[in-house]
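In: I'll drop the sequence and a predicted model, then ask my questions.
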Amino acid sequence: MAILRGGVKIFGQDIRLGFPRDRSLDNINKDPRYFSAYWEASRKAHLYLVLLKITTENKVGVLSDIVSIFAKAGMNIEQVNTKAVDQKFSEFSLEANIESLDDLKKIMSKVRSKKFTSSCVRDINDK
C-alpha cells in the first residue's frame, strides 16, 4: 500500500493531488482507482515566540522562581540571558513559547506579582 505524498513517486506510482479550481481532475470520480481524500485541520496549538525583559532584585533564587512560574504553566523557555543592571538589580531577557495573548498576560501578571520583580515587559522587535 502506498502512502499519499504530494508530487512524489511512491512504489513507482505517480500520485496527483487536485485543488478545487483544478479542472484536469473533473472526471476522476468515474475511475474506481481514485478516491477522495479529506484532510483534517491540525489539532496542535500554534506556538509564538515572545521576548520578555524582566528586572528583579539581584539575589539568590530569583531566576529559579521565575523559571518555576513558566514550568507550572507548562510553557517552554527557549533562551535566558542575564545581566547585572547595578549591585541591587538584575535584568533577564527571556524567550518563551506561548499559545495565546491570554497566556502571555497571565504569565506576565504572575511574574509581576512576585515581590522581587520591579518590571516585566514584552520586548517587541520590529526587524
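Out: Yep, that arrived.

In: so where's this structure shaky on pLDDT?
Out: Residue ranges of the chain with pLDDT under 70: 1-44, 126-127.

In: for it, what spans make up the strands?
Out: According to DSSP state E, the chain carries its strands in the segments 9-10, 13-14, 48-57, 77-84, 89-98, 117-122.

In: Let me have these in JSON lines, extended by mean neighbour count.
Out: C-betas here are computed from N, CA, C, even on glycine. JSON lines is the format used below for those (neighbours: other Cβ atoms under 10 Å):
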{"stretch": "strand 9-10", "mean neighbour count": "11"}
{"stretch": "strand 13-14", "mean neighbour count": "8"}
{"stretch": "strand 48-57", "mean neighbour count": "17"}
{"stretch": "strand 77-84", "mean neighbour count": "12"}
{"stretch": "strand 89-98", "mean neighbour count": "18"}
{"stretch": "strand 117-122", "mean neighbour count": "15"}
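
In: Just send those strands back as JSON lines, with distance to D65 too.
Out: JSON lines is the format used below for the strands of the chain (distance: least, Cβ to Cβ, whole Å):
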{"stretch": "strand 9-10", "distance to D65": "53"}
{"stretch": "strand 13-14", "distance to D65": "58"}
{"stretch": "strand 48-57", "distance to D65": "9"}
{"stretch": "strand 77-84", "distance to D65": "13"}
{"stretch": "strand 89-98", "distance to D65": "11"}
{"stretch": "strand 117-122", "distance to D65": "9"}
